[in-house]
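1. For reference, the sequence and a predicted model appear below.
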Amino acid sequence: MVIKHSELAAIAARPQQYPPEDLPEIAFAGRSNVGKSSLINLLLGRKNLAKVSGSPGKTRTINFYQVNGAFRIVDLPGYGYARVSKSLSQDWGEMIETYLKGRRNLRKVVQLVDIRHEPTAQDLQMYEWLKFYGMDGLVVATKADKISGNQWQKNRAMIRKKLQMEKDDVLLAVSALKKTGWEALLEQIEELIAPCQDG
Ligand SMILES: Nc1nc2c(ncn2[C@@H]2O[C@H](COP(=O)(O)OP(=O)(O)O)[C@@H](O)[C@H]2O)c(=O)[nH]1
Ligand SMILES: [Mg+2]
């Protein structure tokens, strides 16, 4: 698949503000600062379509990016930022769960984790949610440029174990800095959205 066109389709806090359920959607979830916006920009070949934030925890909306007029990439609010107050983190949970629960055109949620560390308790909680909604099975480890290939072999096993990923579940490594790993992710996305385009 070649990404020819991408644009911001909606910024939503409530379902009434979501775009119609007419195109398949692939959502991205992860901790604030994990590299979600950077990865979306890399995938879409855009410099700053998704805002890369110097101050983490700012995005408290669901941002929809329409791609090739055929599908959408959905940027879910980042979690786990310490300075976010309790009520705001509750907002975060409610916002994500409302989207997960009701969205009929949602095909998959890509779970992002930092390649350097064991997934956090909140990463695990998020991934358990995805399992509950049948949206698990595709995890991306970000900032791959920060560790060696040897270390990746170790961390790969650690991430799979912590999230209790199944054998057939996919774990990819990407670096937005070095622009590596995105092709494999794009292939996964292509497979996920394909059935809809046929019929
Ligand atoms: N070294 C490195 N830094 C990255 C990478 N991806 C993102 N970052 C940095 O991590 C910070 C957070 O990135 P951002 O994309 O805004 O994360 P988000 O909060 O998850 O959307 C920024 O300073 C980015 O420049 C990467 O692949 N490698
Ligand atoms: Mg972001």
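-> Cool, the structure landed. Ligands and ions are numbered 1, 2, ... in the order given.

2. What parts of the protein come near ligand 1?
-> 30, 32-38, 52-53, 56, 78, 142-143, 145-146, 175-177 (C-beta under 6 Å from any ligand atom). C-beta here means a position set from N, CA and C on the backbone, and glycine is covered the same way.

3. restrict the residues you listed to those near ligand 2?
-> K36, S37 (C-beta under 5 Å from the ion).

4. Mark which of the residues of the chain next to ligand 1 are buried, thanks.
-> Buried subset of the residues of the chain next to ligand 1 (neighbour count, 16 or more other C-beta atoms under 10 Å): 30, 32-38, 56, 78, 142-143, 175-176.

5. From these, which shows the smallest pLDDT?
-> When those are compared by pLDDT, P56 scores lowest at 53.

6. Mind checking which of the residues of the chain next to ligand 1 land in strands?
-> G30, T142 (DSSP state E).

7. out of the residues of the chain next to ligand 1, which are inside helices?
-> K36, S37, S38 (DSSP state H).

8. and M126, what is it in contact with?
-> Applying C-beta atoms under 8 Å, 6 or more residues apart in numbering, we find M126 in contact with A29, G30, Y79, I96, Q111.

9. ditto for W152
-> Applying C-beta under 8 Å, 6+ apart, the residues contacting W152 are I115, A141, A144, A173.

10. again, only this time at 10 Å
-> I115, R116, A141, A144, I159, A173 (C-beta atoms under 10 Å, 6 or more residues apart in numbering).

11. wait, S37 sits on K47?
-> No - S37 is beyond contact range of K47, at 11.3 Å (criterion: C-beta atoms under 10 Å).

12. Longest strand of this structure, counting residues only.
-> Every strand in the chain considered (DSSP E), the longest is strand 106-114.

13. same question for that strand, mean pLDDT?
-> 98.

14. Check stretch 7-16 too.
-> On average, the pLDDT along stretch 7-16 is 95.

15. Just confirm yes or no for the lowest-mean-pLDDT helix or strand in the chain near ligand 2.
-> Lowest by mean pLDDT, DSSP states H and E among the helices and strands of the chain is helix 86-102, with a mean of 82. No - with C-beta under 5 Å from the ion as the criterion, ligand 2 is not reached by helix 86-102; the gap is at least 12.9 Å.
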